[in-house]
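Peer 1: Just a sequence and a predicted model for now, questions to come.
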Amino acid sequence: MVLVIGGSASGKSAFAEELLSREPGPHIYLASMENESEESRRRIQKHREQRKDRGFQTVEAPRDILRALTACSSPSGERRGGAAALEEAIEPGTGSEDRENPGERRGFDLRSGAVLLECLSNLTANEMFLADGTVRRAEHCKEIVLGEVMALRSSCRRLIVVGNLISEEQRSLSPLTEAWIRSFSEIQNAIAAEAEAVWRVDAGIPVRLK
């Protein structure tokens, strides 16, 4: 497992994608951003354009990442979730290199795949602040996210996780936001402790910390 951290617009995502491209395939891009706002949809489209033609198979999974990947990792998704789950999870227009004919998708072998999780902070927020308005306790959220990430690490050949550096200047925050920051920081620290390598990227320049 490799952890890549950096601030906003630091180049961490581009570096993580480069690490993914160096691995033997299949290359699985696990995107965790929700597309509920215009801003998030613009960012998602920007990310899609940036990784276009790189041969990544993108799986959209704002939460329940292991379930989404398992549904996609068998032909037609029959092992879990059915074909509908497969079609919903795989980003439209990706994975064309794995089609036997138009309109037919094949699953990928997760066990031999390299997975890029983009990104940990979004996943933590999505698992804490649920779509129905429910807010999970920070400790429960931490347990869920860490459990899924560690299970994913054991299920694939290589896992690359994109984290974040949250500015220490961002104070005067709501108690819920503070709880999310605390949960995310504890999750990221735990992943860093388990990772074989940790990289920090600033202004596009990666520095290995571990």
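Peer 2: Sure thing, it's come through. Numbers count the residues shown, from 1 in each chain.
Peer 1: Could you report the pLDDT at the residue nearest in space to the middle of the chain?
Peer 2: Nearest to the centroid of the C-alpha atoms of the chain, with distances taken as Cα atoms, centre = their mean, sits Leu117, at 2.5 Å. What the model reports as pLDDT for Leu117 is 96.
Peer 1: and it, what element?
Peer 2: Assigned by DSSP states H and E, Leu117 belongs to strand 114-118.
Peer 1: In that strand, which residues are buried?
Peer 2: 114-118 (16 or more other Cβ atoms under 10 Å). Every residue, glycine included, has its C-beta placed from N, CA and C.
Peer 1: can I get those residues in TSV with distance to Asp64?
Peer 2: Converted to TSV, these look like this (distance: Cβ to Cβ, whole Å):
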residue	distance to Asp64
Ala114	21
Val115	15
Leu116	18
Leu117	13
Glu118	16
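Peer 1: Of those, which pair is most distant in space?
Peer 2: Ala114 and Glu118 (13.1 Å; Cβ to Cβ).
Peer 1: By mean pLDDT, point me to the weakest helix or strand of the protein.
Peer 2: Comparing helices and strands within the chain by mean pLDDT, DSSP states H and E singles out helix 82-89 as the least confident, with a mean of 36.
Peer 1: Quick check: Trp199 is in a helix.
Peer 2: No. Read with DSSP: H, G, I helix; E, B strand; the rest coil, Trp199 is strand and lies in no helix.
Peer 1: ok, now which ones touch it?
Peer 2: For Trp199, the contact set (Cβ atoms under 8 Å, 6 or more residues apart in numbering) comprises 2-5, 12, 15, 206-209.
Peer 1: how about a cut-off of 6 Å?
Peer 2: Contact analysis of Trp199 by Cβ atoms under 6 Å, 6 or more residues apart in numbering lists 4, 206, 208.
Peer 1: Repeat that for Thr124.
Peer 2: 145, 184, 187 are the contacts of Thr124 under Cβ under 6 Å, 6+ apart.
Peer 1: so what's the last one scoring on pLDDT?
Peer 2: If I follow you right, that is Ile187. According to the prediction, Ile187 has pLDDT 97.
Peer 1: three-state assignment of Met33?
Peer 2: Quick answer, by three-state DSSP: Met33 is coil.
Peer 1: From what I see, it and Asn122 are in contact.
Peer 2: Yes. Using Cβ atoms under 6 Å, Met33 is in contact with Asn122, at 5.1 Å.
Peer 1: still on that earlier bit, wait, the residue nearest to the centre of the chain touches Val161, no?
Peer 2: Yes. Between Leu117 and Val161 there is a contact at 4.8 Å, judged by Cβ under 6 Å.
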